[in-house]
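1. this is a predicted model, with the sequence first.
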Amino acid sequence: ELERRGHEVAVIYESLPPGTKLLQAQRFNDPNDPCKIMVATDAIGMGLNLSIKRIIFYSLLKPQLNEQGEKEKDTVTTSQALQIAGRAGRFASAFPDGEVTTFRRDDLPLLKDIVSRQVETIKRAGLHPTAEQIEMFAYHLPKHSLSRLIDIFIVLSQLDDSLFFMCNVEDVKFLADIIEHVPLQLRARYTFSCAPINKKMPFVCTMFLKYARQFNRSEPTTFDWLAKQIGWPFEISNTVMDLVHLEEVFDCLDLYLWLSFRFADMFPDKESIRGIQAELDQIIHAGVQNIVKLIHQTNQGSKQAIFSWSEPAQSGPKLIQARPARR
């Protein structure tokens, strides 16, 4: 909508590769660039140097996980609001004093109340089962799946609730179930299951399973093998779905690098992977630069295509939930 009105806009959201985020930030910070507006999720509060005069919260609601692991929308916490609002104004920049407001007038009193509260002190630390602990349980319960072993471990664990809590292990169990039928040694299975990937990305989960199968066959996952799986060399995005897929491919390369630090002999080509990852970063950045064109081309596509990609598209840009910032 902003670009249709003639504004050049930078875009940052969580699933963008780090290099693309950096290029978008550099474009926004450049005083000679016509881009004066950034549409972003709360990813702007994570390790990016931005020269922002004014932050506008489009919404004060943020999807979060409750104690049952279910997603629900809740008001941003004081620490979250301060982390984002604190991006407005920057020492020794053109905007030493920042301004913060809300898109909707009715939200402004709530925002003032949120940022005025005292930040809650961290009183407890999270604990996560180690590979050695899971192996001990498996010794006594050899017929149970990894996912079931984790459940039993959680139930039987005794913690000092005033100092510690058990970390959410649902993602670990989800990945463990994906590769349950692959005959891996328990330690390798647990290491794979702790991989930092988004379970809502189908292509990444598919590649995760393929990596595990290669590992089980004692076949090194080489650059040539991976290039065939991900469709390298890459092509520039023509639709938003193409862009989302490339972001998933980037995460597959990230997963390869993560595994290469744990199983160097089985994932030996990390330098080559870094090379095509840098290439892919540039292609994704080009797609983000033309996001409005991609949205238009996506809308011109068939309803079936849009429907079939509706779930993975959730990791892409969500303008309706974005928080614009303007200099």
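-> Arrived safely.

2. give me the element residue 11 is part of.
-> Element membership for residue 11 (DSSP states H and E) is strand 9-12.

3. output the contacting helices and strands for that strand.
-> Judged by 3 or more Cβ pairs under 8 Å, 6 or more residues apart in numbering; DSSP states H and E, strand 9-12 is in contact with helix 18-29, strand 37-40. (Each C-beta comes from the backbone N, C-alpha and C, glycine too.)

4. how many residues are close by the closest residue to residue 291 other than its chain neighbours?
-> The shortest distance from residue 291 to any non-neighbouring residue, by Cβ to Cβ, 6 or more residues apart in numbering, is to residue 11 (5.8 Å). Around residue 11 sit 22 other residues, with neighbours defined as other Cβ atoms under 10 Å.

5. equivalent analysis for residue 86, please.
-> Here the number of neighbours of residue 86 (other Cβ under 10 Å) works out to 15.

6. state the phi and psi torsions of the closest residue to it other than its chain neighbours.
-> Excluding the flanking residues, the one nearest residue 86 by Cβ to Cβ, 6+ apart is residue 45, at 7.5 Å. Phi and psi for residue 45, reported as degrees, to the nearest 10, are phi -90, psi 10.

7. coming back round to it: which of the helices and strands packed on strand 9-12 sits closest to residue 272?
-> helix 18-29 (17.1 Å; Cβ to Cβ).

8. re the thing from before, run through the bridge partners of the residue nearest to residue 291.
-> residue 39 (DSSP bridges).

9. in this structure, which spans are strands?
-> Here the chain has its strands, by DSSP state E, at 9-12, 37-40, 54-57, 61-65, 71-75, 99-102, 125-127, 164-166, 325-326.

10. could you export those to JSON lines, including columns for distance to residue 261 and mean pLDDT?
-> Written out in JSON lines, the entries for the strands of the chain read as follows (distance: least, Cβ to Cβ, whole Å; pLDDT from 0 to 100):
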{"stretch": "strand 9-12", "distance to residue 261": "27", "mean pLDDT": "88"}
{"stretch": "strand 37-40", "distance to residue 261": "30", "mean pLDDT": "90"}
{"stretch": "strand 54-57", "distance to residue 261": "37", "mean pLDDT": "91"}
{"stretch": "strand 61-65", "distance to residue 261": "28", "mean pLDDT": "78"}
{"stretch": "strand 71-75", "distance to residue 261": "31", "mean pLDDT": "82"}
{"stretch": "strand 99-102", "distance to residue 261": "40", "mean pLDDT": "91"}
{"stretch": "strand 125-127", "distance to residue 261": "22", "mean pLDDT": "94"}
{"stretch": "strand 164-166", "distance to residue 261": "26", "mean pLDDT": "92"}
{"stretch": "strand 325-326", "distance to residue 261": "35", "mean pLDDT": "40"}
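
11. relative to residue 73, how far out is residue 34?
-> Distance, residue 34 to residue 73, using Cβ to Cβ, to the nearest Å: 35 Å.

12. same deal with residue 102?
-> In this view, residue 102 and residue 73 are 16 Å apart by Cβ to Cβ.

13. many thanks, we can stop here.
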